[in-house]
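Show me the folded form of this:
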Amino acid sequence: MGRKIEKYQITGPLQRQGLPGGAETIVLVEDCIRRMTASVRRGQADEIGRSFGEETDPEVRPLGWWVLVCGEPLDDESLSARDAARDRLLEEVRASGLVLAENIWVWDEAGTAQLVISTVPSLQRAERLASHLRGKGLTIRIRREKF
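The predicted structure is shown next:
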């Protein structure tokens, strides 16, 4: 009895034109590993937060502080230009060694690409994290969490 083999379509920043056979699968596996690693790290961070008495349930905890990495201004007229700007920012974040479980994009009045790196409970922790990330060469902003 043969095994069913599923083929996955790679889209967005993972889509690579002209990759040799099997390379698309490698890219897909690498991305899955990055997401799983980020998920494990997030679970560990929640556990550490609870040890300090922080509430990690998003339904219960108060609003915190976003630590955002900032990219270039976005072109309101061109969806492909916006996607390209977001992809460049995401590549910059990955090149700095950061792995995110999910990409949460925040827009400002100036139309700048901003990616949430973390949400922390206090401004002091946000400032410490921002300082560390600036040391990696990233442009960082701190904003109050909004929904």
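
For stretch 94-114, which residues meet the burial criterion?
Neighbour-count burial for stretch 94-114 flags 98, 100, 106, 112-114 (criterion: 16 or more other C-beta atoms under 10 Å). Yep, even glycine has a C-beta here, placed from its N, CA and C like the rest.

Flag whichever of these scores worst on pLDDT.
Minimum pLDDT across those is recorded for residue 106, with 84.

where does the nearest residue to it once chain neighbours are set aside fall, phi/psi-wise?
What sits nearest to residue 106 in space, not counting adjacent residues and going by C-beta to C-beta, 6 or more residues apart in numbering, is residue 114, at 4.5 Å. Main-chain dihedrals, residue 114, degrees, to the nearest 10: phi -130, psi 130.

let's have the chain start at 16 instead
Sounds good: first residue 16 from here, last item residue 129.

From what I see, residue 129 and residue 122 are in contact.
Yes. Under the criterion of C-beta atoms under 8 Å, residue 129 makes contact with residue 122 at 7.0 Å.

Now do the same contact list for the closest residue in space to residue 112 that isn't next to it in sequence.
Nearest residue to residue 112, sequence neighbours excluded (C-beta to C-beta, 6+ apart): residue 151, at 7.0 Å. Residue 151 makes contact with 111-113 under the criterion C-beta atoms under 8 Å, 6 or more residues apart in numbering.

Just send those back as a markdown table, with secondary structure and distance to residue 100 too.
Converted to a markdown table, the contacts of residue 151 look like this (DSSP: H, G, I helix; E, B strand; the rest coil; distance: C-beta to C-beta, whole Å):
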| residue | secondary structure | distance to residue 100 |
| --- | --- | --- |
| 111 | coil | 17 |
| 112 | coil | 21 |
| 113 | coil | 18 |
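
Could you single out the nearest of the buried residues of stretch 109-129 to residue 101?
Closest approach to residue 101 among the buried residues of stretch 109-129 (C-beta to C-beta): residue 128, at 5.4 Å.

Check whether the closest one sits in a helix, strand or coil.
strand (DSSP: H, G, I helix; E, B strand; the rest coil).

Surely it and residue 89 touch.
Yes. Checked against C-beta under 8 Å, the pair residue 128 and residue 89 is within contact range at 5.6 Å.
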